[in-house]
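>>> the following block contains a protein sequence and its predicted model.
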Amino acid sequence: MNQANRIARAIVWSPVVWGSLATAIFYAPIHFGYWSNPFVVRYFASHWAEYVTTTMFFIGAAALLLKTLDLARQFRILSAPLLDAIPQGGQNVSHCETLLARLSHQPDEWQESYLVRRLREALEFVYRKNSAAGLDDEIRYLADLDASRMQSSYALVWFVIWAVPIMGFLGTIIGITGAVSNLSPKELEDSLSGVTSGLGVAFDTTALSLSLSIVLMFAKYFVERFESRLLSKVDDRTSAELVGRFEDIATSNDPQVATVRRIAETVLGSLDQLVVRQTELWQQSLRAAQEQWAEQTAATEHTIEEALTAALSSSLREHAAALAEAEQTQLTANRKQWEGVQQALLQNAESVTLQQRELAKQGELLLQVVGATEQVARLETELNRNLTALAGAKHFEETVISLSAAIGLLSARLGQSGDVPRVDLQGNPRKGQAA
């Protein structure tokens, strides 16, 4: 528990804080007029001594209430498993360290409880002596110490129980003094009211202080009984947890057995330390050998890696040269083959070009022939029509001569363009005669 937690816990569990808060809550409705009971105003709010008495009462009541809450919490701790079960035949005192560690792992708010503190102090006693001898006396001493702590924990309550009547008596003295000072023999009747008022303050403060102190004493009695029951149960639980837990071989017949046992345990402890030291040396030797082996392995791996790298590099270079040479040879052969293919394609292209030219010429001739044929057909149609007209006009012979000249001229123009269908100009004699 750090310092900040301790301060916060001290403030939270401070009876002065809670008592002052309770006093403020008690007097707030009286001063603000919500609680105007004459009895309450007379005995609690008519004189400053009553305010002080009431405040001290609430502080004492808060101390007892906080004490009761803490005791109830410690009663719940009694049922919690704190230590391991006692083995058959008891435990060696060397297990004290383990038991102390188990107690230290309990919650922080348990560490200052009666049970946990007593168990821890008893185990520390055994741990310091390295022997369970005198443990029973130590447990009784711790029980008496807790009883003393219990009595000292009520110091504030005792102070309040003592101070509350003192405040009452102080109020009484102040009231009587005020009454006596207000008494005037010459004006006796007029001064009686001041006298009675002062005596009222005196008796009221006394009655209030005695009443509150009696309440606190009864409350303290019950809380103290409650705490005594707790201490009794702590005594029983401590005896159940520790009595008979540790081996104690010392007897009244042979008191030297414990000494011999401790010497033997010391020797065994030294042997254990020697074995541990030897084990550490072996571990260091094995670790050094392992590191040396790792270094040698790393050096061997480096050498093998360099040799393999050199061999693979040489093989890769030779393989790359062979691949380059084969690639060059293949490229040369491919180039020659593609050149032959290219020449063949060029020759074929030239042949195709010549054929295209010849086909173009033949096409032109065919176009000329077609054009001449169309002209001849038109001429034949015209000639037939003219022959028909001439026959009708009885100029057949002149027309034949003209047509012959026209045909000759046409033949001369056509030249060698092909065979031209001949026109039979003889006609049918009968037709001519008929015409």
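Received, thanks.
>>> tell me which element Ala324 falls in.
Taking DSSP states H and E as the definition, Ala324 sits inside helix 256-393.
>>> how far does that helix sit from the chain's center?
On the basis of CA atoms, centre = their mean, to the nearest Å, the separation between the geometric centre of helix 256-393 and that of its chain is 50 Å.
>>> show me what it is packed against.
Under the contact criterion of 3 or more CB pairs under 8 Å, 6 or more residues apart in numbering; DSSP states H and E, helix 256-393 touches helix 396-414, helix 429-434. All C-beta atoms are positioned from the backbone trio N, CA, C, and that covers glycine.
>>> is it true that Ile30 touches Phe44?
Yes - here Ile30 reaches Phe44: they are 7.2 Å apart, a contact under CB atoms under 8 Å.
>>> that older thread, which of the helices and strands packed on helix 256-393 has the lowest average pLDDT?
With a mean of 41, helix 429-434 has the lowest mean pLDDT of these.
>>> any weak-confidence spans in this protein?
Using pLDDT under 70 as the threshold, the predicted model of the chain has low-confidence ranges 1-3, 175-176, 178-202, 247-262, 390-397, 399-400, 413-435.
>>> tell me the domain ranges of it?
With automatic domain parsing as the criterion, the domains of the chain are listed as 3-248, 373-434.
>>> next, format the ones you listed as JSON lines and append mean neighbour count and distance to Leu346.
Listed next are the domains of the chain as JSON lines, based on neighbours: other CB atoms under 10 Å; distance: least, CB to CB, whole Å:
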{"stretch": "domain 3-248", "mean neighbour count": "16", "distance to Leu346": "101"}
{"stretch": "domain 373-434", "mean neighbour count": "12", "distance to Leu346": "36"}
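>>> of these, which is nearest Thr266?
Using CB to CB as the measure, domain 3-248 is the one of the domains of the chain that comes nearest Thr266, at 9.1 Å.
>>> centre of the chain versus that closest one, how much separation?
Here the centre of domain 3-248 is set off from its chain's centre by 46 Å, with CA atoms, centre = their mean.
>>> on contacts alone, who are the packing partners of the strand or helix carrying Leu64?
According to DSSP H and E, Leu64 maps onto helix 48-77. With contacts taken as 3+ CB pairs under 8 Å, 6+ apart, helix 48-77 sits against helix 15-31, helix 38-44, helix 114-129, helix 155-182, helix 188-242.
>>> out of those helices, the one nearest Glu327 is which?
Across the helices and strands packed on helix 48-77 (criterion: CB to CB), the nearest stretch is helix 114-129, sitting at 87.7 Å.
>>> ok, Glu306 to Thr177 distance?
Using CB to CB, to the nearest Å, one gets 113 Å for the distance from Glu306 to Thr177.
>>> keeping just the C-alphas, turn stretch 27-45 into PDB.
The C-alpha coordinates for stretch 27-45 follow below in PDB (Å, rounded to 0.1, in the frame of the first residue of the first chain):
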ATOM      1  CA  TYR A  27     -27.500  21.300  13.300                       C
ATOM      2  CA  ALA A  28     -28.300  22.300   9.700                       C
ATOM      3  CA  PRO A  29     -32.100  21.800  10.000                       C
ATOM      4  CA  ILE A  30     -32.100  23.500  13.400                       C
ATOM      5  CA  HIS A  31     -30.400  26.600  12.200                       C
ATOM      6  CA  PHE A  32     -32.400  26.800   9.000                       C
ATOM      7  CA  GLY A  33     -35.700  26.500  10.900                       C
ATOM      8  CA  TYR A  34     -36.800  23.100   9.600                       C
ATOM      9  CA  TRP A  35     -36.500  21.500  13.100                       C
ATOM     10  CA  SER A  36     -37.800  23.900  15.800                       C
ATOM     11  CA  ASN A  37     -38.600  21.500  18.600                       C
ATOM     12  CA  PRO A  38     -38.200  23.400  21.900                       C
ATOM     13  CA  PHE A  39     -36.700  20.500  23.700                       C
ATOM     14  CA  VAL A  40     -34.000  20.000  21.000                       C
ATOM     15  CA  VAL A  41     -33.300  23.800  20.800                       C
ATOM     16  CA  ARG A  42     -33.000  24.000  24.600                       C
ATOM     17  CA  TYR A  43     -30.600  21.100  25.200                       C
ATOM     18  CA  PHE A  44     -28.600  21.200  22.000                       C
ATOM     19  CA  ALA A  45     -28.600  24.800  20.600                       C
END
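>>> got a list of contacts for that stretch?
For stretch 27-45, contacts defined as CB atoms under 8 Å, 6 or more residues apart in numbering pick out 26, 50-51, 54, 204, 207-208.
>>> picking up where we left off before, the helix or strand that the helix holding Leu64 is followed by to helix 188-242, inter-axis angle?
Next helix or strand after helix 48-77 toward the C-terminus (DSSP H and E): helix 96-104. In terms of direction (axes from the mean of the first three to the mean of the last three CA atoms, to 10 degrees), helix 96-104 departs from helix 188-242 by 140 degrees.
>>> which strands or helices does helix 96-104 pack on?
Based on contacts counted as 3+ CB pairs under 8 Å, 6+ apart, the elements that helix 96-104 packs against are helix 114-129.
>>> show me what secondary structure element comes after the helix it packs on.
Towards the C-terminus, the helix or strand next in line after helix 114-129, according to DSSP H and E, is helix 135-153.
>>> okay, the spatially closest residue to Gly171 that is not a sequence neighbour and Ala377: tell me how far apart.
Setting aside the residues directly before and after it, Gly171 is nearest to Thr205 in space (CB to CB, 6 or more residues apart in numbering), at 2.6 Å. Here the distance between Thr205 and Ala377 works out to 163 Å (CB to CB).
>>> please identify which of the helices and strands packed on helix 48-77 is closest to Gln337.
Gln337 lies closest to helix 114-129 among those, at 101.4 Å (CB to CB).
>>> quick one: that closest one to helix 256-393, angle?
Using the same axes, to 10 degrees, the inter-axis angle of helix 114-129 relative to helix 256-393 is 110 degrees.
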